[in-house]
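> pasted the sequence and its predicted model underneath.
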Amino acid sequence: MKKKIASVLLATMALAYSVPAQTSTTVKQIPCVEIAVKNGDPDNGYLVQSSTNMVDWVPLAELPANGSGNYAYTNIPWTSPLFYRTPQAPSLWTMTLDAASPMTRFEQVSPTSQTEVVLSVYDLKSSVNNTRHRLVFKVNTEGTEPVQLYNNLKLVIGSTTYSASSIVSNTPGVATVTFDNLSLAFLSQIPKAMILKGIVRPGNEFMQGTKTWAVADPFGDSLKGGVVTLYSQGPIVPSGGFVEYSTIFIDNPPTTYVQFATYWFSIVASDLPVWVSKDPRVSLLISTNTVGLTVAPVDLQLILGDNAGSTATEYYMAPGAVKTFALTVRVAGAINASYGTVALTGIRYGLSSATATNYTITAGLEDLQAMFPH
């Protein structure tokens, strides 16, 4: 939140100084009848403090926020001498993730119409009776940029829905979402639940596998909502797969070696059934950038998920299913002369057993690269 610099105006000055020369200072005391803050922070408050020595400060009042950022305090005691100041109060607000806030998950969006996705649910409360006029969130994405992914963002509080006043890109993958059209009355220590929703544009191939989440600003990453992975038509491979290596075997000592790598990845089906060939030479695309290496896919195994509906030659995935697979690749080459990178770059699939190679997934495979020897 961008803080405004407040200026303090005194209706009648608490102290007036006159300097007749450079030898002495005369202080004349004038009663202060009002302390005012102009253009202060409209979503926080200010303390009114007094002191007789400008060292020890006694709190007089705490001024909660108002929409204009202007504050005034007139209930001023008179003690001789007395000085006043109005520092900004510590944060009056506390925000937490609500227990109902969704966790990390997958969400399917429509290819033809907007889809409403719940990003987070927050609880906000004030330490005093107060009014909140503005809330700011950071919306993050991996994949499609926020301003391309969302038509709008909305905040639901009770029976009222507010649309974002602005959605501004800051850095790649991050947008600041501001709601400054609020007037939310809070009783001291009584929280209000608020639901942050993203209105996702109709899905397309560029959106497949995009991850998105929200952070309440300026409350920090402790208020990061669950990560939502979005997909539209066709299955997706969420990023974050990994590679495991076997030990290096010496073959035909001492000139050649053999090493195996296992590529772990998951597939999320859409609203249509999916078939994937069990033969990795048929179902998988492998890209090599090597010198002197022989590369061969050996096996594709289903690791997590049931085999219901699968055949002797294809794995079957029911609509909405999530399954994890392990691809084993064998690499061989000359010791100290063969090396390079072997990457899984595509997964072929079909919408029936007879068409198991008609389509190809290419997004979400960025982490599935192996360097040999390892």
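Received the coordinates, thanks. Residues are numbered from 1 along each chain as shown.
> quick check: the gap between Gly234 and Leu63.
57 Å (Cβ to Cβ, to the nearest Å). From N, CA and C alone the C-beta is placed, and that goes for glycine too.
> tell me the contacts of the closest residue to Pro254 other than its chain neighbours?
Spatial nearest neighbour of Pro254, chain neighbours left out: Ile335 (6.7 Å); criterion: Cβ to Cβ, 6 or more residues apart in numbering. Applying Cβ atoms under 8 Å, 6 or more residues apart in numbering to Ile335 gives the contacts Ile250, Pro254, Thr255, Thr256, Tyr257.
> the first one sits in which helix or strand?
Right, the one you point to is Ile250. strand 249-251 (DSSP states H and E).
> who's the residue nearest to Gly158 when sequence neighbours are not counted bridged to?
Residue nearest to Gly158 in three dimensions, not counting chain neighbours: Lys192, with 7.4 Å by Cβ to Cβ, 6+ apart. Taking DSSP bridges as the rule, Lys192 bridges to Leu124.
> separation between the nearest residue to Thr290 once chain neighbours are set aside and Trp93?
Using Cβ to Cβ, 6+ apart and skipping the chain neighbours, the partner closest in space to Thr290 is Gly340 (2.7 Å). Going from Gly340 to Trp93 by Cβ to Cβ gives 55 Å.
> quick check: mean pLDDT of stretch 359-374?
Stretch 359-374 comes out with an average pLDDT of 89.
> repeat for stretch 38-58
On average, stretch 38-58 scores 78.
> okay, now that stretch: how far is its last residue from its first?
For stretch 38-58, the first-to-last residue distance is 22 Å (Cα to Cα, to the nearest Å).
> name the helices or strands packed onto the strand holding Ile250?
Applying 3 or more Cβ pairs under 8 Å, 6 or more residues apart in numbering; DSSP states H and E, one finds that strand 249-251 contacts strand 256-268.
> what's the helix or strand following the strand it packs on in contact with?
Scanning forward in sequence from strand 256-268 by DSSP H and E, the next helix or strand is strand 274-277. Contact with strand 274-277 is made by 235, 267, 283, 313-317, 321, 347-353, 355-357, as judged by Cβ under 8 Å, 6+ apart.
> how far off centre is strand 274-277?
Relative to the centre of its chain, strand 274-277 is centred 33 Å away, using Cα atoms, centre = their mean, to the nearest Å.
> next secondary structure element downstream of that strand?
Following strand 274-277 in sequence, per DSSP H and E, is helix 280-283.
> show me what that following helix is in contact with.
With Cβ under 8 Å, 6+ apart as the test, helix 280-283 has contacts from Val276, Ser277, Pro297, Val298, Asp299, Leu300, Leu327, Ile347, Arg348, Tyr349, Ala356, Thr357.
> and that helix, average pLDDT?
Across helix 280-283, pLDDT averages out at 95.
> what does stretch 244-257 give?
88.
> for that stretch, measure first residue to last.
17 Å.
> kindly report the same for stretch 301-315.
9 Å.
> which residues does that stretch contact?
For stretch 301-315, contacts defined as Cβ under 8 Å, 6+ apart pick out 264, 266, 273, 275-279, 316-318, 321-326, 328, 353, 356.
> so where's the stretch 101-250 of the chain uncertain?
203-206, 219-221, 233 (pLDDT under 70).
> can you give me the strands for it?
Counting by DSSP state E, counting those that start in this stretch, the stretch 101-250 of the chain has strands at residues 105-108, 115-126, 130-132, 135-142, 150-157, 160-163, 166-171, 174-179, 184-186, 192-200, 211-217, 228-231, 242-245, 249-251.
> okay, those, which one's buried deepest?
Stretch with highest mean neighbour count among those: strand 228-231 (a mean of 23; mean count of other Cβ atoms under 10 Å).
> partner strands of it, parallel or antiparallel?
strand 105-108 (parallel), strand 211-217 (antiparallel).
> make CSV from these and add distance to Leu293 to it.
Compiled in CSV, the strands paired with strand 228-231 are given as follows (distance: least, Cβ to Cβ, whole Å):
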stretch, distance to Leu293
strand 105-108, 36
strand 211-217, 33
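> what's the closest of those to Pro373?
With Cβ to Cβ as the criterion, Pro373 lies closest to strand 211-217 of the strands paired with strand 228-231, at 32.9 Å.
> distance from the closest one to the middle of the chain?
With Cα atoms, centre = their mean, you get 3 Å for strand 211-217.
> cool, stretch 181-196 as well?
In this view, stretch 181-196 has its centroid 22 Å away from the chain centroid, taken as Cα atoms, centre = their mean.
> can I get that stretch in PDB? Just the C-alpha atoms.
Only the C-alpha atoms of stretch 181-196 are listed here, as PDB (Å, rounded to 0.1, in the frame of the first residue of the first chain):
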ATOM      1  CA  ASN A 181     -14.600   1.600  -3.800                       C
ATOM      2  CA  LEU A 182     -15.300   0.100  -0.300                       C
ATOM      3  CA  SER A 183     -17.000   1.400   2.800                       C
ATOM      4  CA  LEU A 184     -16.800  -1.500   5.300                       C
ATOM      5  CA  ALA A 185     -17.800  -0.700   8.800                       C
ATOM      6  CA  PHE A 186     -16.100  -2.900  11.500                       C
ATOM      7  CA  LEU A 187     -16.800  -3.300  15.100                       C
ATOM      8  CA  SER A 188     -13.800  -3.700  17.300                       C
ATOM      9  CA  GLN A 189     -12.300  -7.300  17.000                       C
ATOM     10  CA  ILE A 190     -15.200  -8.600  14.900                       C
ATOM     11  CA  PRO A 191     -13.900 -10.100  11.700                       C
ATOM     12  CA  LYS A 192     -15.500 -10.000   8.300                       C
ATOM     13  CA  ALA A 193     -14.900 -12.900   5.800                       C
ATOM     14  CA  MET A 194     -14.100 -11.800   2.200                       C
ATOM     15  CA  ILE A 195     -13.800 -14.100  -0.800                       C
ATOM     16  CA  LEU A 196     -11.400 -13.100  -3.600                       C
END
